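Trainee: With the sequence up front, the predicted model follows.
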Amino acid sequence: MTNSSYFGTRPLRILQLVSSPTTSGPCVYVMELSQTLRSMGHHITIVARPQSWLAEEATKAQFETFVSEQHRFPLDQIQYLRKLVIDRQIDVIHTHMSRAHFMGVLLRGICQVPCIATAHCRKIQAHWMLNNHVIATSLDTEQFHRRFNMVPTDRISTIYCPVPQRLGRDSNRPLYDARSIRDLRSQWGCANEGPTTETVIGVVGEISPAKGQWHLLHAIKKLSEKGRQVRLVVIGNHRKEYVWELQKLARDLGIGSKVHWAGFCDRVPVAMTAMDIYVCPSLNESLPLTILEAMAAARPVVSTSVGGIPEVIRHRETGMLVTPRDAAAIAEAIHELIDCPRLAQQIGSRAWQKVQTEFDPWQQTRKVEQLYYRFVAAKLSTDAGPQAA
């Protein structure tokens, strides 16, 4: 029996090390990945930041959960995580976000445990080439890390984020709950009946300059000037100072009453189905999970053509692509979807079909699992020496 086949017959002990302090796509990804891995029989330990969304959710989901600020200095955090890795007999470490990535490569050296890092974004940092392997969430992200962080070709690969299981991958149709949709639209202050029915446009995620909400507000202004009855729902509550700045902009543009600032939402999949059109106006992205969630809810997506987004959205087939920083183009794409409901329905349907066939959580998680087995088996071979062959 080879080492690979041996490890293929038993569950692995996997440490998910995450340093994001807030709700984010990477945190949702870790929860979905961990849940699928657990259903495959593996034991998952999650280390998150204290009082973070992930620490709370992982505990609720009954994962073995620990908290750590993951500071490099003083050395007590490194010693704490080293002891955890040894005591739990961790087979492989999987890291997410910058602080965790750096801590992961330190633990790899100290504990001699394989470390795999998922690149959820594109940053120039020295630690990337020190991992056993890097998982990029889009081909564009893979190319970035190969070019700017000098990660060798054989140590990086693209594995797309899976569509969250809670969206109902086994269903023959997208998740749909009429009562929840009605309740949410009421909470958002939407006019749902009669001649004043509003088109609900949604955007979800971190509220920051890089996410392009400034340009989306200007697009809403242009739609309002054309007499369109629209309501923009903004979900996300990061960077409060910038939220206040955008709220002032909305008032100055005369669209304050047309924008609902929903804040944090723990029901994003359902919220997606309560929207008529989803917009991603980002200036820079890898491949946001929110786009996949919108597509899984069969919502037509209008998105800027940045990062890995064009790998998933084909213009006028599975979504509408526009140039970044172009409020007029965003408004025009939304306007066309409002005027052509059949086009909107067709785009939403094709988007749903695409994520169901290409972003299945089991298929994507199997690819990650195969990487785990590959490096755990390689370590066993190295530890055993020539006799292992």
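Mentor: Yep, it's here. Residues are numbered from 1 along each chain as shown.
Trainee: Can you pull the poorly scored residue ranges out of the protein?
Mentor: For the chain, residues meeting the criterion pLDDT under 70 lie at 1-9, 164-176, 191-196, 238, 384-389.
Trainee: just the helices in it please.
Mentor: With DSSP state H as the criterion, the chain has helices at 3-7, 25-39, 53-60, 76-87, 98-111, 139-148, 178-187, 213-225, 240-252, 268-273, 289-296, 327-339, 341-358, 361-384.
Trainee: Cys280 is nearest to which of those helices?
Mentor: For Cys280, the closest of these is helix 289-296, at 5.5 Å, according to CB to CB. C-beta here means a position set from N, CA and C on the backbone, and glycine is covered the same way.
Trainee: contacts for the closest one?
Mentor: 25, 28-29, 161, 163-164, 167, 174-175, 202, 204-205, 268-269, 272, 275, 278, 280, 301, 303, 309, 312-313, 318-319, 348, 351-352, 354-356, 359 (CB atoms under 8 Å, 6 or more residues apart in numbering).
Trainee: picking up where we left off before, deepest of the helices of the chain, which one?
Mentor: Mean neighbour count (mean count of other CB atoms under 10 Å) peaks for helix 289-296 among these, with a mean of 27.
Trainee: measure stretch 150-161 end to end?
Mentor: Start to finish, the residues bounding stretch 150-161 are 23 Å apart (CA to CA, to the nearest Å).
Trainee: Would you mark the buried spots in that stretch?
Mentor: 151, 155-156, 158-161 (16 or more other CB atoms under 10 Å).
Trainee: Excluding its own residues, what touches that stretch? List them.
Mentor: 25, 29, 32, 128-129, 131-139, 141-142, 145-146, 287, 289, 292, 312, 358-359, 364, 367-368, 371.
Trainee: Reformat the helices of the chain as JSON lines; add distance to Arg13.
Mentor: Below are those laid out as JSON lines (distance: least, CB to CB, whole Å):
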{"stretch": "helix 3-7", "distance to Arg13": "11"}
{"stretch": "helix 25-39", "distance to Arg13": "11"}
{"stretch": "helix 53-60", "distance to Arg13": "16"}
{"stretch": "helix 76-87", "distance to Arg13": "9"}
{"stretch": "helix 98-111", "distance to Arg13": "12"}
{"stretch": "helix 139-148", "distance to Arg13": "27"}
{"stretch": "helix 178-187", "distance to Arg13": "38"}
{"stretch": "helix 213-225", "distance to Arg13": "41"}
{"stretch": "helix 240-252", "distance to Arg13": "40"}
{"stretch": "helix 268-273", "distance to Arg13": "30"}
{"stretch": "helix 289-296", "distance to Arg13": "26"}
{"stretch": "helix 327-339", "distance to Arg13": "47"}
{"stretch": "helix 341-358", "distance to Arg13": "30"}
{"stretch": "helix 361-384", "distance to Arg13": "10"}
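Trainee: how about these, which one is nearest Val47?
Mentor: helix 76-87 (6.9 Å).
Trainee: chain center to the closest one: distance?
Mentor: 28 Å (CA atoms, centre = their mean, to the nearest Å).
Trainee: who touches it?
Mentor: 15, 17, 45, 47, 66, 68-72, 90, 93, 103, 106-107, 110-111, 113.
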